[in-house]
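S.K.: Need a 3D model of the following:
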Amino acid sequence: MPHCASKVVILATGGTIVSSGASATQMTGYSIQGLGVEDLLSAVPMLADVADVEAARVSNIDSSSMTSEVWLKLANAVEEALRREDVSGVVITHGTDTMEETAFFLNLVVKSEKPVVLTGAMRPATALSAEGPLNLLNAVRIASDPKAAGRGVLIALNDVIVSARDATKTHPTNVATFRGPDLGMLGMIAGTHIEWIARSEKPHGAATPFTLEALEARVAADGALPRVDIVYSHVDDDDVMVRAAMAAGARAIVHAGTGNGSIHEKTEGALMEAAAHGVLVVRASRTPSGMTVEGLAEWQDAGFVPAGTLNPQKARVLAQLSLACGVDPALAFRTF
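M.R.: As a prediction, this is how the structure comes out:
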């Protein structure tokens, strides 16, 4: 094996990239059936030409079943790896369903400026033209690139590099699924070239007040991170889901409203009641891009917080971290 100047730690969490189907043409309905990170590495022997690679498994689950418990375990593993002087960066293999949420969580919590790159696949390992091996190779190349440092946590699939803060999954089956709807890509892969184009202006890592110590202290005290539920608005909406969230003990409710975070008249009263009882209400939008800003004066008076450019699922992550770490949510949503 040739000596490489870079050492990259690969942390595996499961997902499509290690899933199997019944045939080479099965592209949906597959599952994890015994493949692991070792099988993935053996499919990409040319990794040795890019970096000295060290791999460990954090979990082996479909990311649709991701939990905050796995998040904390993963964040600790990332920080432990990045504290090592011999490690240039970390790559995380992850299912695409909740990749953007995990990436945003890590973007806010992990304090190192070394590169952290999440990658995965849209096709199982057994599929015709499975893209997972190439995605992994490119992710290791990015994590080895000194120019990737200081850009926050990155997502890299299908030759596109996007920010954890702004990327979202835009297609349920197409390999070209991750995009920043308004804010574009940070870089691209073209053959053997990594072309950097931009960087996110939002604070991340050490520039945030969110720490693993505070999160773990909250879990130790309460048994879990604060409950935050998302309520999705629609025609014929009412107060049922808001009241269900309140009854379940939600400390915050992200309302995925129509347009500029608009609220159905039959839902508004329940959200006002929730806010009056100390529940944080965040107004996000169910539209796929744009920025949710202040709406009716009575919403601001009630303490509702607009989500800005965060989609509902990322607004949920920021709300949860703000509550767990004792950070003013209104300030958090203006800043991060």
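
S.K.: can you pull the contacts of the closest residue to A224 other than its chain neighbours?
M.R.: Nearest-residue entry for A224: S68, 7.2 Å, with adjacent residues in sequence omitted and distances by C-beta to C-beta, 6 or more residues apart in numbering. Backbone N, C-alpha and C define where each C-beta goes, glycine included. Applying C-beta atoms under 8 Å, 6 or more residues apart in numbering to S68 gives the contacts 224-225, 320.

S.K.: So S68 versus G308, what's the distance?
M.R.: 23 Å (C-beta to C-beta, to the nearest Å).

S.K.: what about stretch 108-123, start to end distance?
M.R.: Counting by C-alpha to C-alpha, to the nearest Å, you get 29 Å between the two ends of stretch 108-123.

S.K.: about what we covered before: so which of the contacts of S68 wins on neighbours?
M.R.: Q320 (23 neighbours; other C-beta atoms under 10 Å).

S.K.: show me where pLDDT drops low in the stretch 151-300 of the chain?
M.R.: The stretch 151-300 of the chain contains no residues with pLDDT under 70.

S.K.: now the strands for it?
M.R.: For the stretch 151-300 of the chain, strands defined by DSSP state E, counting those that start in this stretch occupy the ranges 154-157, 160-163, 168-169, 178-179, 187-190, 193-196, 228-232, 252-257, 280-285.

S.K.: cool, and the stretch 1-150 of the chain?
M.R.: Going by DSSP E, counting those that start in this stretch, the stretch 1-150 of the chain shows strands at 7-14, 52-61, 89-93, 116-119.

S.K.: out of those strands, nearest to A164?
M.R.: strand 116-119 (7.3 Å; C-beta to C-beta).

S.K.: Dump that closest one to CSV, keeping only the CA atoms.
M.R.: Provided in CSV are the C-alpha atoms of strand 116-119 (Å, rounded to 0.1, in the frame of the first residue of the first chain):
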residue,chain,number,x,y,z
VAL,A,116,-16.4,16.4,7.8
VAL,A,117,-18.0,15.0,4.7
LEU,A,118,-21.2,13.0,4.6
THR,A,119,-21.9,10.8,1.6
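
S.K.: sorry, back to before: just say which of the strands of the stretch 1-150 of the chain is most tucked in.
M.R.: Among those, ranked by average contacts under mean count of other C-beta atoms under 10 Å, first place goes to strand 116-119 (a mean of 29).

S.K.: Please name the strands paired to that strand in the sheet, noting orientation.
M.R.: strand 89-93 (parallel), strand 154-157 (parallel) (DSSP bridges).

S.K.: Could you find the closest non-adjacent residue to A324?
M.R.: Using C-beta to C-beta, 6+ apart, the closest residue to A324 is R218 (4.5 Å).

S.K.: picking up where we left off before, just the ones in helices from the contacts of S68, please.
M.R.: Q320 (DSSP state H).

S.K.: wait, which of the contacts of S68 is closest to S233?
M.R.: Q320 (20.6 Å).

S.K.: State whether the closest one and I230 are indeed in contact, as I suppose.
M.R.: No. Counting by C-beta atoms under 8 Å, Q320 sits too far from I230 to count as a contact (11.2 Å).

S.K.: Count the residues that sit near P203.
M.R.: By other C-beta under 10 Å, neighbour count at P203 equals 15.

S.K.: and if you look at the one 5 residues further on?
M.R.: Summarising burial for T208: neighbours were counted as other C-beta under 10 Å, giving 21.

S.K.: Next: the one 3 residues further on.
M.R.: Here the number of neighbours of T211 (other C-beta under 10 Å) works out to 17.

S.K.: What are the phi and psi values at it?
M.R.: Dihedral angles of T211 (phi, psi; degrees, to the nearest 10) stand at phi -130, psi 150.

S.K.: any idea where the helices of the stretch 201-336 of the chain begin and end?
M.R.: Assigned by DSSP state H, counting those that start in this stretch, the stretch 201-336 of the chain shows helices spanning 212-222, 240-247, 265-276, 297-301, 312-325, 329-335.

S.K.: Surely W71 touches F105?
M.R.: Yes. Using C-beta under 8 Å, W71 and F105 qualify as a contacting pair, with a distance of 5.3 Å.

S.K.: higher neighbour count, the two?
M.R.: More crowded of W71 and F105, by other C-beta under 10 Å: F105, with 26 against 22.
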